[in-house]
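Visitor: Here is my input, please return the structure:
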Amino acid sequence: MPNLTAIPASHYKDLRAEDQKDLPKLAGARFNCSQCHAPQSETKPLVKNEFTPDFQSDAEKSGSTLAETLNVGNDTLKD
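Guide: This is a model prediction of the structure:
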């Protein structure tokens, strides 16, 4: 069994609602995981992965902080 990452807190938010409330279960808009996430398997890669992550802070290297940073920069938007 692969070492799976827990579903992040942002997937339990209703991003369609104005108040972006927390939900007790996975958000209905998040059911199609393979739309954003690549399926995982135990195979050889067809091409070399040259992706280099670019984190805004060292804290982000250990996990997702999307739920805490959804509104970063919104205060600079004009109405």
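Visitor: Pull the contacting residues for Pro24.
Guide: Shown in contact with Pro24 (C-beta atoms under 8 Å, 6 or more residues apart in numbering): Tyr12. Glycine gets a C-beta too; all of them are placed from N, C-alpha and C.
Visitor: Can you report phi and psi for it?
Guide: phi -80, psi -10 (degrees, to the nearest 10).
Visitor: again with Asp22
Guide: phi -80, psi 140.
Visitor: okay, now it: neighbour count?
Guide: Per other C-beta atoms under 10 Å, the neighbour tally for Asp22 reads 11.
Visitor: for Lys13, same thing?
Guide: Count around Lys13 with other C-beta under 10 Å applied: 20.
Visitor: Quickly list what it is bridged to.
Guide: Asp22 (DSSP bridges).
Visitor: Hmm, Lys25 and it touching each other?
Guide: No - in this structure, Lys13 is not within contact of Lys25 by C-beta atoms under 8 Å, at 11.6 Å.
Visitor: On the pLDDT front, check Phe31 for me.
Guide: What the model reports as pLDDT for Phe31 is 64.
Visitor: now Leu4
Guide: 72.
Visitor: Repeat that for Leu46.
Guide: 90.
Visitor: before we move on, what about Thr69?
Guide: 68.
Visitor: what's the answer for Thr76, then?
Guide: With respect to pLDDT, Thr76 scores 70.
Visitor: Could you count how many residues lie near it?
Guide: 6.
Visitor: Distance check, it against Glu50.
Guide: Taking C-beta to C-beta, to the nearest Å as the measure, Thr76 falls 33 Å from Glu50.
Visitor: Ser62 now?
Guide: Ser62 is 23 Å from Glu50, by C-beta to C-beta.
Visitor: Tell me which of those two has more neighbours.
Guide: Ser62 (8 against 5).
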